[in-house]
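K.L.:
Quick one, fold the following:
(chains A and B)
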Amino acid sequence: MAGRTSLAGLADRSTALIPRPGGDAEARERRDLLPAIEPERTVDDWGRSERIEGVFDATLVEFFYRYWFRAEVEGIENVPSSGGALLVSNHSGALPPDAAMIGKAIREEQPASRRLNITVEHFFKGYPMFSMLLPKIGCVAAHPANVHRLLADEEQLVLVFPEGRKGTEKVYSERYRLRRFGRGGFVTAAMRAKAKLVPVCVVGAEEAAPIFYQAATLQKLTGLLYFPLTPTFPWLGPLGMIGYLPAKFHIRFLEPIDTTQFGADPEEDKALVQTVAHEVRARIQENLHEMVARRKSVWFG
Amino acid sequence: MSGAPSARRVLVTGLASYWGGRLAQALESFPEVETIVGVDTREPTRELERTEYVKVGTQHSLIERIVRAADIDTVIDTRLVVDSIAASRARAHENNVIGTLNILAACTGAESPVRRLVFKSSAHWYGCRQDDPAFFTEQMSRSHPPATSIERDVIEAEAAVSDFADKHDDVTVSVLRFANVLGPDVETSHTRLFSLPVTPMILGFDPRYQFVHEDDVVHALEHAAFNDLPGTYNVAADGVLALSEVIGLLGKRPAPVLPPWGTGLATAAMRRFGFRVPEEMLGQLRFGRGLDNRMVKAAGFRFEYTSRETVLRLAEHLRLSPVLSGAREPYRYEREVEEFLRWSPHVRRERPPADSVGPEDAAMFDPSPPVASSATLSDETATPDPGLLDAEEVIALLAHLEADDLERLEHLERSGQARAAVLEAIAGARGDSYT
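P.N.:
The predicted structure follows:
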């Protein structure tokens, strides 16, 4: 349902891939030339399908969000109601449920009910079925050019998981311990697009899909990114990937960081990028600790 | 079209190719274009009114002589082969890379009259990979070496063109990278794919596709010839469609028969059923490709069709083509006829030159010469005429048609021979399909 993200390692090669931002006038002109979606279409240029997303949203996602995880949302006002913004979240779970829940939280709780683009690894574009399904429900490959287009040109909400695979690979005993935040590629992306950074904390996903062991041999055999052993996977087959335990979800959106405050071309300053990346990571970690400490029960919140 | 046309004396390479012929036909309608010279090794495949055809390969010394003698200011290179089925690997390479080098060499030199070079390139330059961005922009560099021979050809040819551009500041070089072309007239591997009764897909993949209509290709080449467009431009219509969406618009059924692993073997098997999947199409069927077309729009070009409309035009054509097949006589180039039409003083021209044929002389000729009028000829090539079928044949086909096709056919018949029996039968068939 959701995917994994890695902006790691993209920072250094992204410079060559993205046109240098011109002045504001030029940016506006480029925006105006973006093709409009013809009203007869239900699929957008990214391959996102209103119909299929709607079906998922009304069934599986609705069920998990409302009845299974009973998600509670704080700080929804921190999600900008207009303009491009990059949401940065902690990440976990074999087939991570957190991305879909964050998307659903914004759709349900935010008055503007904005749609969220979830960045996933390129791996999925090459794997049958994932390749077909993920774009339809709002997932986009985590290419710096894709993120830039969504943030700067289309002014949309984009969700990244800077921990990437390292976040979803970690086993149960390492829960709520944030991994390295890549090389700060997400900060560079937000700065270049002059978009806000919104840190997001998710508590509950670690217990909903705990991983006890990573089976390296099976991973090689199946060609998957990794092969986790969870309470339901692979025992129940592929369906076991969404066999989540009913942990209670808490989603907290933190105060946005305005990347325009750093002056012109802040992405060139590697030290600044690292500082901001650490700051975001620290804020998420701090809030996670606080949320876990406050939680009386994993299942009832 | 905006701005004053600047191309006056044009050389079109690959005149016998689909694009060379279409472009020359289009340029003929611009009175500002004084001279159109077309070169190719094969004879033209389209009716041309005033284009001069010279049978020559891509030997640069010969082309250079033509360029200088005719004082050519604009060279439009339409030869590029972008379909590995259209030519063998070696012939495609010869044409795409060596041919381009020769054309460029013919435009080189201090006294060369050439001021503008338009190179028809292809989006195959970008390739098709798993870690591609969703929309390629012109500034992006490739992160992988070419995967197919056509890709490698396109890259090498473009490298030669950009090298030429760097060395010749006084020549405006435009490189247009076209997305997959569809349309009622052009035949590509993709039009063949979409005319199959069911459309094969790779199981578990629904790639993104962007198209450009054949008319927009010609218009884009014209636009580059008449306006100042230095650099590289993606020419792909607005809208990127999922393959499943395309199949829906065509009214076909998807057939996910190609396995995700060992796809190459499966397509080899498909060859036995008469359908060849070129290797560059395999990448597109798996990963798809999207282009950013904002640069060419910013340069003043306006697309007539979106990707979706392009597919719809193809769908109309596919439904109508069984009715019209065989109705159209293919054009055959006859040197003597062409020379007679161009040079004989007995041919009545629409705008007679003041000094050669006076109005009194012209009145002596038959007012409707069978072949000299360009308008009737080009109309015939553009819209095939159902009137060329016998009335009984048309009536026999009516049962297989849907309502909107019938409407089109009726329109064509009314504007053509307007045979009462056919019109009556169409009216009957339409009445039936309504009830």
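
K.L.:
Nearest to chain B: which residue in chain A?
P.N.:
residue A:128 (2.6 Å; Cβ to the nearest Cβ). Where you see a C-beta, it was placed from the backbone N, CA and C, and this is true even at glycine.

K.L.:
From residue B:212, how far out is that residue?
P.N.:
As judged by Cβ to Cβ, to the nearest Å, residue A:128 and residue B:212 stand 29 Å apart.

K.L.:
Which residue of these two possesses the greater neighbour count?
P.N.:
Legend: neighbour count by other Cβ atoms under 10 Å in any protein chain shown for residue A:128 and residue B:212, higher for residue B:212 (27 against 16).

K.L.:
ok, the more buried one touching residue B:237?
P.N.:
Yes: judged on Cβ atoms under 8 Å, residue B:212 makes contact with residue B:237 at a distance of 5.0 Å.

K.L.:
Spatially, what comes nearest to the residue of chain A closest to chain B if we skip its sequence neighbours?
P.N.:
Leaving aside its chain neighbours, residue A:128 sits nearest to residue B:204 (2.6 Å; criterion: Cβ to Cβ, 6 or more residues apart in numbering or on different chains).

K.L.:
my guess is that neighbour contacts residue A:125, does it?
P.N.:
No: under the criterion of Cβ under 8 Å, residue B:204 makes no contact with residue A:125, lying 11.3 Å away.

K.L.:
wait, is the residue of chain A closest to chain B part of a strand?
P.N.:
No: looking at residue A:128 with DSSP: H, G, I helix; E, B strand; the rest coil, it is coil, so not inside a strand.

K.L.:
quick one, phi psi at it?
P.N.:
phi -50, psi 150 (degrees, to the nearest 10).

K.L.:
before we move on, back to that, residues that sit against both of residue B:212 and residue B:237, list them.
P.N.:
The contact sets of residue B:212 and residue B:237 overlap at B:179, B:303, B:305, B:307, B:310 (Cβ atoms under 8 Å, 6 or more residues apart in numbering or on different chains).

K.L.:
residues near the closest residue to the third one other than its chain neighbours, how many?
P.N.:
Read that as residue B:305. Among residues not flanking residue B:305 along the chain, residue B:213 sits closest, at 4.0 Å (Cβ to Cβ, 6+ apart). Taking other Cβ under 10 Å as the criterion, the count of residues near residue B:213 is 24.

K.L.:
Next to chain A, which bits of the stretch 301-435 of chain B? Give me the list.
P.N.:
Residues of the stretch 301-435 of chain B found near chain A (Cβ under 8 Å from any Cβ of the partner chain) are B:306, B:308.

K.L.:
Enumerate every residue touching the residue lying closest to residue A:71 once chain neighbours are set aside.
P.N.:
Once flanking residues are discounted, residue A:71 sits nearest to residue A:249: 4.0 Å by Cβ to Cβ, 6+ apart. By Cβ under 8 Å, 6+ apart, the residues touching residue A:249 are A:65, A:69-72, A:101, A:202-205, A:208.

K.L.:
With secondary structure and pLDDT added, can I get these in JSON lines?
P.N.:
JSON lines is the format used below for the contacts of residue A:249 (DSSP: H, G, I helix; E, B strand; the rest coil; pLDDT from 0 to 100):
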{"residue": "A:65", "secondary structure": "helix", "pLDDT": "95"}
{"residue": "A:69", "secondary structure": "coil", "pLDDT": "94"}
{"residue": "A:70", "secondary structure": "coil", "pLDDT": "95"}
{"residue": "A:71", "secondary structure": "coil", "pLDDT": "94"}
{"residue": "A:72", "secondary structure": "strand", "pLDDT": "95"}
{"residue": "A:101", "secondary structure": "helix", "pLDDT": "95"}
{"residue": "A:202", "secondary structure": "strand", "pLDDT": "94"}
{"residue": "A:203", "secondary structure": "strand", "pLDDT": "94"}
{"residue": "A:204", "secondary structure": "coil", "pLDDT": "91"}
{"residue": "A:205", "secondary structure": "helix", "pLDDT": "89"}
{"residue": "A:208", "secondary structure": "helix", "pLDDT": "88"}
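
K.L.:
Dump those to a markdown table, plus distance to residue B:86 and neighbour count.
P.N.:
Compiled in a markdown table, these are given as follows (distance: Cβ to Cβ, whole Å; neighbours: other Cβ atoms under 10 Å in any protein chain shown):
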| residue | distance to residue B:86 | neighbour count |
| --- | --- | --- |
| A:65 | 53 | 23 |
| A:69 | 55 | 24 |
| A:70 | 60 | 17 |
| A:71 | 56 | 22 |
| A:72 | 61 | 15 |
| A:101 | 51 | 25 |
| A:202 | 53 | 29 |
| A:203 | 59 | 28 |
| A:204 | 57 | 30 |
| A:205 | 53 | 30 |
| A:208 | 54 | 26 |
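
K.L.:
Can you tell me which of these is nearest residue A:155?
P.N.:
Nearest to residue A:155 among the contacts of residue A:249, counting by Cβ to Cβ, is residue A:101 at 23.6 Å.

K.L.:
Strands along the stretch 201-301 of chain A, start to end?
P.N.:
A:213-214, A:228-229, A:250-253, A:257-258 (DSSP state E, counting those that start in this stretch).

K.L.:
what touches both of residue B:204 and residue A:125?
P.N.:
Common neighbours of residue B:204 and residue A:125 (Cβ under 8 Å, 6+ apart) are residue A:131.

K.L.:
More neighbours: these two, which one.
P.N.:
Comparing residue B:204 with residue A:125 by other Cβ under 10 Å, the one with more neighbours is residue A:125, at 25 against 17.

K.L.:
how many other residues sit next to residue 246?
P.N.:
In the absence of a named chain, chain A is used. Neighbour count for residue A:246, taken as other Cβ under 10 Å: 16.

K.L.:
please go with chain B instead
P.N.:
Neighbours around residue B:246, by other Cβ under 10 Å: 27.

K.L.:
doesn't it fall inside a helix?
P.N.:
Yes: the assignment for residue B:246 (three-state DSSP) places it in a helix.

K.L.:
isn't it right up against residue B:311?
P.N.:
Yes: judged on Cβ under 8 Å, residue B:246 makes contact with residue B:311 at a distance of 5.4 Å.

K.L.:
Next up, the contacts around residue B:38.
P.N.:
B:11-13, B:15, B:20, B:24, B:44, B:48, B:51-54.
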